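> I'd like to go over a predicted model; first the sequence, then the structure.
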Amino acid sequence: MDEQALQAAFSAGDDACLSAAIALYGQPLLRYCHHILCDYHEAQDAVQATFIKAWSHRAGFRGGSLQAWLFRMAYTTSIDLLRRRKHQLFAPPPQPPASDPDYIGAELRAALLSLSAEERALVFGRVMEELSFDELAERHGVGAPTLRKRYERARKKLAAALTRSGKECTQYEAE
């Protein structure tokens, strides 16, 4: 099933529509959630929850871009997971080994976590997915000029965080 046929059939949907949506959008949503949450396993949970919500609320899909609708739902699901994580008192899970293809190094993870979830989502969409600001505007429900400015601020923040962590590493190496 192609993307346009899926968009047309999703709200009425049968099991084939759900399978087609998962096949078409599952991996991009997983990468998106992973870069917001900075945790691969939580990202898997977020994607699963996103598809469950989308399927149970499919009657609310009023046409337009199914992809943008799913990404918006994945974003809010990821934010909900971040809020829950904030309230947990347990230690974070151990870091995955560097051989994991979805591993984010400690320095980059720390720099990314200095950004808000919205900023991480924006940076991921622009850098990793190479989306235009118009495509990002559709996904985030905000105007392209606003996102362009937010992206520039997030980029500067990320660069500053990486510079700080680089200096810290250099100081430790010198000692």
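Thanks, I have the structure now. Residues are numbered from 1 along each chain as shown.

> so where's this structure shaky on pLDDT?
1, 87-103, 166-175 (pLDDT under 70).

> hey, where'd the strands end up in it?
In the chain, no strands are defined using DSSP state E.

> pretty sure Leu70 is touching Ile52, no?
No: using Cβ atoms under 8 Å, Leu70 makes no contact with Ile52, being 11.8 Å away. To be clear about C-beta, it is placed using only N, CA and C from the backbone, and glycine gets the same treatment.

> More neighbours: these two, which one.
Remark: of Leu70 and Ile52, Leu70 carries more neighbours, 25 against 12, as counted by other Cβ atoms under 10 Å.

> how many other residues sit next to the residue lying closest to that one once chain neighbours are set aside?
Distance criterion Cβ to Cβ, 6 or more residues apart in numbering; nearest residue to Leu70, sequence neighbours excluded, is Tyr25 at 5.4 Å. When neighbours are counted by other Cβ under 10 Å, Tyr25 registers 22.

> how far away is Tyr25 from Ala117?
20 Å (Cβ to Cβ, to the nearest Å).

> List the residues that contact the residue lying closest to Gln67 once chain neighbours are set aside.
Nearest non-adjacent residue to Gln67, counting by Cβ to Cβ, 6+ apart: Tyr25, 6.2 Å away. Contacts for Tyr25 (Cβ atoms under 8 Å, 6 or more residues apart in numbering) come out as Leu66, Gln67, Leu70.

> Can you give me the neighbour number for the first one?
For Leu66, the tally of surrounding residues (other Cβ under 10 Å) stands at 23.

> Next one: Glu152 relative to Arg126, how far apart?
Separation of Glu152 from Arg126 (Cβ to Cβ) stands at 10 Å.

> Which one's more surrounded, the two?
Arg126 (19 against 10).

> residues of stretch 36-54 that come out buried?
36-40, 42-43, 45-51, 53-54 (16 or more other Cβ atoms under 10 Å).

> same question, stretch 13-20
In stretch 13-20, counting by 16+ other Cβ under 10 Å, buried: Gly13, Cys17, Leu18, Ala20.

> Which residues does that stretch contact?
Met1, Leu6, Ala9, Phe10, Phe51, Trp55, Arg58.

> Measure how far that stretch is from the centre of its chain, please.
23 Å (Cα atoms, centre = their mean, to the nearest Å).
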